[in-house]
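**Q** Sequence and predicted structure below; questions after.
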Amino acid sequence: MLFSEVFHPECDPIEPHDAPNHVVFSCLQWKTPSLEVMPQAAKQRFAIMCGDHLNPYITAALERAYILGAMSPVKLIAVHEDSLYLFLDSGVSSATFQEVGALWEQVICMSHIRLTVDFANVNEVYSGHSDYVFWQDAKEILESYSLGIEPYDLKALDDFSDIELFDEDLWFRQSQEDDQPGVIQHCPVEVPNFTDIMGHTNCLTTLYYIYPNNRKPDA
């Protein structure tokens, strides 16, 4: 559905027979939904709802929005051909909304397609007052996943219990043998013999090339 070096799929695309397809993505985020810079990076999850095919220009537009810092308030994106319907976090104020709109205006101007963008607050979906045609599907997606921004658990980054590792003792012994401190391995390089290059067999003849003034006159 979406091929990007910026966004990472959290699950396989969901393709229900009676609702639009959707998939959840994650990315590194350094701003709050109010566009304030956080003291440390966090993880953002958002969902994309679209048909079978996603225009690559849409992907490029979303990447530009991320780079410009316009993705942090977004929880759900509904894609209809060249149109985007963005559902923003409930914490987005009216002042922040204007900043978000200005950032997305830059995205629209840089797009190579006639991109249109509409905004809505997730509260409109939860309350049933949204004017979006598929608001019920949007509501189900918003309620089915943990979307938004959450801090990383720094301690959990050292948890490798779900990864199959080598035997710890064997791994330790191998690492000790392979990484001896103070030992630097070099690729073998053959140093050419100077006398062989010059066609001589006596190493003393090199002095006549290094110190030409010491050469004896020709007999």
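**A** Cool, the structure landed.

**Q** in a helix, that's where Leu35 is, yeah?
**A** No. Using DSSP: H, G, I helix; E, B strand; the rest coil, the secondary structure at Leu35 is coil, not a helix.

**Q** Could you check how far stretch 33-52 is from the centre of its chain?
**A** Relative to its chain's centre, stretch 33-52 lies at 13 Å (Cα atoms, centre = their mean, to the nearest Å).

**Q** err, stretch 46-65, not the other one
**A** 15 Å.

**Q** Do me a favour and get the end-to-end distance for that stretch?
**A** Here the two ends of stretch 46-65 are set 13 Å apart, with distance taken as Cα to Cα, to the nearest Å.

**Q** Which positions in it come out as buried?
**A** 46-50, 54, 58-65 (16 or more other Cβ atoms under 10 Å). In this view, the C-beta of every residue, glycine as well, is placed from N, C-alpha and C.

**Q** contacting residues for Pro20?
**A** For Pro20, the contact set (Cβ atoms under 8 Å, 6 or more residues apart in numbering) comprises Met49, Cys50, Gly51, Ala78, Phe134, Asp137.

**Q** Would you agree the last one is in contact with Ile14?
**A** No. Under the criterion of Cβ atoms under 8 Å, Asp137 lies out of contact with Ile14, with a separation of 11.0 Å.

**Q** Tally up the residues packed near the residue nearest to Asn121 when sequence neighbours are not counted, please.
**A** Excluding the flanking residues, the one nearest Asn121 by Cβ to Cβ, 6 or more residues apart in numbering is Leu88, at 5.6 Å. Look at Leu88: counted by other Cβ atoms under 10 Å, it has 21 neighbours.

**Q** What distance do you get for Leu88 to Glu5?
**A** 25 Å (Cβ to Cβ, to the nearest Å).

**Q** Pull the contacting residues for the nearest residue in space to Phe25 that is not next to it in sequence.
**A** Spatial nearest neighbour of Phe25, excluding adjacent residues (Cβ to Cβ, 6+ apart): Phe7 at 4.2 Å. Shown in contact with Phe7 (Cβ under 8 Å, 6+ apart): Phe25, Ser26, Cys27, Leu62, Glu63, Tyr66.

**Q** Throw those into JSON lines and include pLDDT and secondary structure, thanks.
**A** JSON lines is the format used below for the contacts of Phe7 (pLDDT from 0 to 100; DSSP: H, G, I helix; E, B strand; the rest coil):
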{"residue": "Phe25", "pLDDT": "95", "secondary structure": "strand"}
{"residue": "Ser26", "pLDDT": "96", "secondary structure": "strand"}
{"residue": "Cys27", "pLDDT": "96", "secondary structure": "strand"}
{"residue": "Leu62", "pLDDT": "96", "secondary structure": "helix"}
{"residue": "Glu63", "pLDDT": "95", "secondary structure": "helix"}
{"residue": "Tyr66", "pLDDT": "97", "secondary structure": "helix"}
